[in-house]
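*Asks:* Please find the sequence and the predicted model below.
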Amino acid sequence: MDQLLEVKIGCLAGLLVVTLICGLIPAQVKWFQSNMARGKHRRILSCIGCFAAGVFLGACIMHMVADALGDIQEELKKRRQQGASMHKQNSTSEGDDDDEMYPFGELVISAGFFLVFLIESVVLHCCPKAVHSHGDHNTEEDQKDPPESHSSFRAFVLFLSLSFHSVFEGLAIGVQKQETAAIQLCLAVLIHKAIVVFSLALKLVQSGTPARWRLLYLVVFALMSPAGIGVGIGVSLYNSDGTSLAQALLEGVAAGTFLYVTFLEILPYELRSHESPLTKFFFIGLGFSIMAIIAIWA
């Protein structure tokens with residue numbers, strides 16, 4: 001077997017195992033269930049939740065949005081160059097400048113944002129209880145508790161958008177042409193995935209997602225990067241890039257959906273908690289900083 005292929009298969013197995021282990025920790029350990037937390041326990045969970053919010057914010061801006069914008073711009077540039085060569089036109093013509101000035105990548109990401117907005121609006125209009133999974137409580141004791149995550153639907157969207165992105169992360173590993181490059185990228189993705197899947201599992205627990213669905217989400221999510229590596233291996237073997245633009249557009253839509261959930265669900269939920277604003281700022285900033293550092297290698 002080719003050594004490069006062996007390295008990629010090893011990366012596939014490592015990503016699958018690490019993702020499953022890190023994802024099962026908050027899903028299976030009752031200590032992480034916020035409805036059981038009181039006093040110091042609740043404060044610690046709040047800090048962990050703020051850290052997770054920072055992780056999602058960093059993953060959103062530094063990874064998903066950045067990757068989508070870069071890939072879409074690269075694919076559009078390729079097609080402009082191909083069109084220019086076919087029509088024997090200068091690539092710096094006025095028409096090309098106009099194309100380069102228009103933010104197509106931002107438009108695709110915005111389409112993903114509004115797609116989730118539309119779906120949630122339709123679901124909320126037709127069946128309000130489908131989005132707000134917890135009833136309103138007016139007792140004094142309930143008001144002292146931290147605000148509950150209110151959207152099982154948004155938790156599903158979070159899982160879906162992260163799964164899309166995981167496929168593309170795996171794809172990037174699978175198409176590498178050197179062993180060292182594949183290993184370096186895999187290590188960065190491993191760290192990224194371990195933190196993100198832990199945070200995802202924590203959000204699934206907080207949103208009240210049933211245990212069997214949590215387990216299904218985590219198993220499917222764990223399979224996404226390995227599946228991407230498998231697709232990448234196939235693409236590298238057959239040297240086919242005919243679907244690269246479609247992949248870039250899908251990544252942009254996934255980034256837009258993640259943008260929606262990050263800013264309308266995750267951050268508002270954590271910012272409504274009863275902890276000190278400076279404490280929340282510190283842990284959100286810490287989570288974002290880790291994702292920003294990982295972006296140096298990923």
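*Replies:* Right, received. Where do you want to start? Residues are numbered from 1 along each chain as shown.
*Asks:* OK, contacts around Glu182?
*Replies:* One correction, residue 182 is Ala, not Glu. Shown in contact with Ala182 (CB atoms under 8 Å, 6 or more residues apart in numbering): 4, 7-8, 11, 173, 176. No exception for glycine: its C-beta is placed from N, CA and C like everyone else's.
*Asks:* Restricting the selection to alpha carbons, write the helix or strand that contains Gly252 to CSV.
*Replies:* Element membership of Gly252 [criterion: DSSP states H and E] is helix 244-261. Only the C-alpha atoms of helix 244-261 are listed here, as CSV (Å, rounded to 0.1, in the frame of the first residue of the first chain):
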residue,chain,number,x,y,z
SER,A,244,-15.0,22.0,-6.7
LEU,A,245,-17.3,25.0,-7.3
ALA,A,246,-20.3,23.1,-6.0
GLN,A,247,-18.3,22.1,-2.9
ALA,A,248,-17.2,25.8,-2.3
LEU,A,249,-20.8,27.0,-2.6
LEU,A,250,-22.1,24.3,-0.2
GLU,A,251,-19.4,25.3,2.3
GLY,A,252,-20.5,28.9,2.0
VAL,A,253,-24.1,27.9,2.7
ALA,A,254,-23.0,25.9,5.7
ALA,A,255,-21.0,28.9,7.0
GLY,A,256,-24.1,31.0,6.7
THR,A,257,-26.2,28.6,8.7
PHE,A,258,-23.5,28.4,11.4
LEU,A,259,-23.3,32.2,11.5
TYR,A,260,-27.1,32.3,12.2
VAL,A,261,-26.9,29.8,15.0
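*Asks:* can you give me how far the helix or strand hosting Ser161 is from the chain middle?
*Replies:* Using DSSP H and E, Ser161 sits in helix 152-174. Centroid separation between helix 152-174 and its chain, computed with CA atoms, centre = their mean, to the nearest Å, is 5 Å.
*Asks:* Need the phi and psi values for Gln176.
*Replies:* phi -60, psi 150 (degrees, to the nearest 10).
*Asks:* Leu5 is in contact with that one, correct?
*Replies:* No: counting by CB atoms under 8 Å, Leu5 is not a contact partner of Gln176; they are 11.1 Å apart.
*Asks:* Neighbour count for those two, which is higher?
*Replies:* Neighbour tally, Gln176 and Leu5, criterion other CB atoms under 10 Å: the higher count belongs to Gln176, 22 against 14.
*Asks:* residues contacting that one?
*Replies:* 4, 8, 182, 185, 232, 236 are the contacts of Gln176 under CB under 8 Å, 6+ apart.
*Asks:* State the distance from the residue nearest the centre of the chain to Ile195.
*Replies:* Per CA atoms, centre = their mean, the C-alpha nearest to the average position across the chain is that of Leu162, at 3.3 Å. Distance, Leu162 to Ile195, using CB to CB, to the nearest Å: 12 Å.
*Asks:* again with Leu259
*Replies:* Taking CB to CB, one finds Leu259 at 19 Å from Ile195.
*Asks:* what sits against the residue nearest to Ser166 when sequence neighbours are not counted?
*Replies:* With sequence-adjacent residues excluded and distances taken as CB to CB, 6 or more residues apart in numbering, Ser166 is closest to Met224, at 3.7 Å. Going by CB under 8 Å, 6+ apart, Met224 touches 163-164, 166-167, 170.
*Asks:* Point out the least confident one among those residues.
*Replies:* Lowest pLDDT of those: Phe164, 82.
*Asks:* Can you tell me which helix or strand of the chain has the lowest average pLDDT?
*Replies:* Ranked by mean pLDDT, DSSP states H and E, the weakest helix or strand in the chain is helix 140-144, scoring a mean of 43.
*Asks:* related to what we said a few turns ago, filter the contacts of Ala182 down to just the buried residues.
*Replies:* Buried members of the contacts of Ala182, scored by 16 or more other CB atoms under 10 Å, are 4, 7-8, 11, 173, 176.
*Asks:* Number of residues surrounding Gly285?
*Replies:* Using other CB under 10 Å, Gly285 has 16 other residues around it.
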